[in-house]
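Peer 1: compute the structure for the input listed below.
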Amino acid sequence: MTNSRCSIILAAGIFLVLGFGNVRADTVHVAVAANFTETARELAREFKNYSGHEAVLSFGASGQFYAQIKEGAPFEVFLSADDARPKKLVEDNLGVADEEFTYAVGKLVLWSRKPGLSLNEETLKKGDFSKIAIANPVAAPYGAAAVEVMKALDIYDELLPKIVQGNSVAQTFQFVNTDNAELGFIALSQIPNRKEGSWWIVPDKYYKEIDQDAVLLKSGAKNNAARAFMAFLRSSVAHSIIQKSGYATDAIASRNK
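Peer 2: Have a look, this model is predicted:
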């Protein structure tokens, strides 16, 4: 039996064991961190194939979503780009405590759309560029990680006048992709299959590990589709998709036990 066939059977089994195999198709509204956009779309397609349920996705900065959820935005699941905000929602009694877990570990990269460049620490230290893009460090964990890197290299103050901020890491990508900045700190997941450009995977010694956590919100606690989606995120099928997209997943299974 092929690995893909085994994965399909395993994923289907998850839903049957949890009681989702014989319920009517339903919809779950999911707030998704911008860095996870393409991966979430692929997961949503597979989720519908396995469960019949539909995941309606909205994309943006984690900090903005946190504020919106606090104000009563109609989301049922939150896929954050950090672990702090999902935990805070549980503390705020807006998230379900036993349905909050790490679904991916993000990787930060320094990216240029120009091919053939050798990007590294020296690129940043030389500062031979006019603009460098980062996501808003208050709202976006990848932006906060970018600031950590520059401070670790003791060049943040020097580069500060050259920094342009996007509202999210998706907008940061666009700044670089449209030549409004020569370089940008983005997520590895945004470029895994790109043919053009140059990038440097930033060593994780320069920034705090980007644990991306999911949380089932109290508003979705009685929604079969929301609980099924959370179960699917824990499956080997989902982990395979997430890892292929440029995230680390190898330590997640043991961490979430």
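
Peer 1: got the contact list for the residue positioned nearest the centre of the chain?
Peer 2: Centroid-nearest residue in the chain, with Cα atoms, centre = their mean: Phe36, separated by 3.7 Å. Phe36 makes contact with Leu79, Ala81, Ala104, Ser189, Gln212 under the criterion Cβ atoms under 8 Å, 6 or more residues apart in numbering. The way it works is simple: take the backbone N, C-alpha and C, and place the C-beta from them, glycine included.

Peer 1: now the two most distant members of these.
Peer 2: Of all pairs drawn from the contacts of Phe36, the greatest distance, 12.4 Å, lies between Leu79 and Ser189 (Cβ to Cβ).

Peer 1: correct me, but Phe229 touches Phe47?
Peer 2: Yes - assessed by Cβ atoms under 8 Å, Phe229 is found in contact with Phe47 at 6.0 Å.

Peer 1: between the two, which contacts overlap?
Peer 2: His53, Ala55.

Peer 1: hang on, Ser40 packs against Leu57?
Peer 2: Actually, residue 40 is Ala. It isn't Ser. Yes - Ala40 lies in contact with Leu57 (Cβ under 8 Å); the separation is 5.5 Å.

Peer 1: who has more neighbours, those two?
Peer 2: When Ala40 and Leu57 are compared for neighbours, Ala40 comes out ahead with 23 against 18, by other Cβ atoms under 10 Å.

Peer 1: for that one, what are its contacts?
Peer 2: Val30, Val32, Ala55, Leu57, Phe59, Leu79.

Peer 1: any idea how far the strand or helix carrying it is from the chain center?
Peer 2: Assigned by DSSP states H and E, Ala40 belongs to helix 37-51. Averaging C-alpha positions (Cα atoms, centre = their mean, to the nearest Å) puts helix 37-51 14 Å from its chain's average.

Peer 1: and that helix, which residues are buried?
Peer 2: Of all the residues in helix 37-51, those buried under the rule 16 or more other Cβ atoms under 10 Å are Thr37, Glu38, Thr39, Ala40, Leu43, Ala44, Glu46, Phe47, Tyr50, Ser51.

Peer 1: what two of the contacts of Ala40 are the furthest from one another?
Peer 2: So, these by Cβ to Cβ: farthest apart are Ala55 and Phe59, at 12.4 Å.

Peer 1: and those two? Which one has more around it.
Peer 2: Ala55 (25 against 19).

Peer 1: the helices in the stretch 101-250 of the chain, which residues?
Peer 2: Here the stretch 101-250 of the chain has its helices, by DSSP state H, counting those that start in this stretch, at 121-126, 141-152, 156-159, 169-177, 224-233, 236-244.

Peer 1: for Gly72, which of those helices is the nearest?
Peer 2: Closest among the helices of the stretch 101-250 of the chain, using Cβ to Cβ: helix 224-233, at 16.6 Å.

Peer 1: about what we covered before: so what sits against both of Ala40 and Leu57?
Peer 2: Common contacts of Ala40 and Leu57 (Cβ under 8 Å, 6+ apart): Val30, Val32.

Peer 1: tell me which residues touch Gln212, please.
Peer 2: Residues near Gln212 by Cβ under 8 Å, 6+ apart: 33, 36, 79-83, 102-106, 141, 247.

Peer 1: select from those residues the one having the most neighbours.
Peer 2: So for the contacts of Gln212 (other Cβ under 10 Å), the most neighbours sit at Ala81, 31 neighbours.

Peer 1: can you tell me the SS state at it?
Peer 2: Put simply, Ala81 is coil when judged by DSSP: H, G, I helix; E, B strand; the rest coil.

Peer 1: what's the separation between the closest residue to it other than its chain neighbours and Gly95?
Peer 2: Sequence neighbours aside, Ala33 is the residue nearest to Ala81 in space, at 3.6 Å (criterion: Cβ to Cβ, 6 or more residues apart in numbering). Taking Cβ to Cβ, to the nearest Å as the measure, Ala33 falls 15 Å from Gly95.
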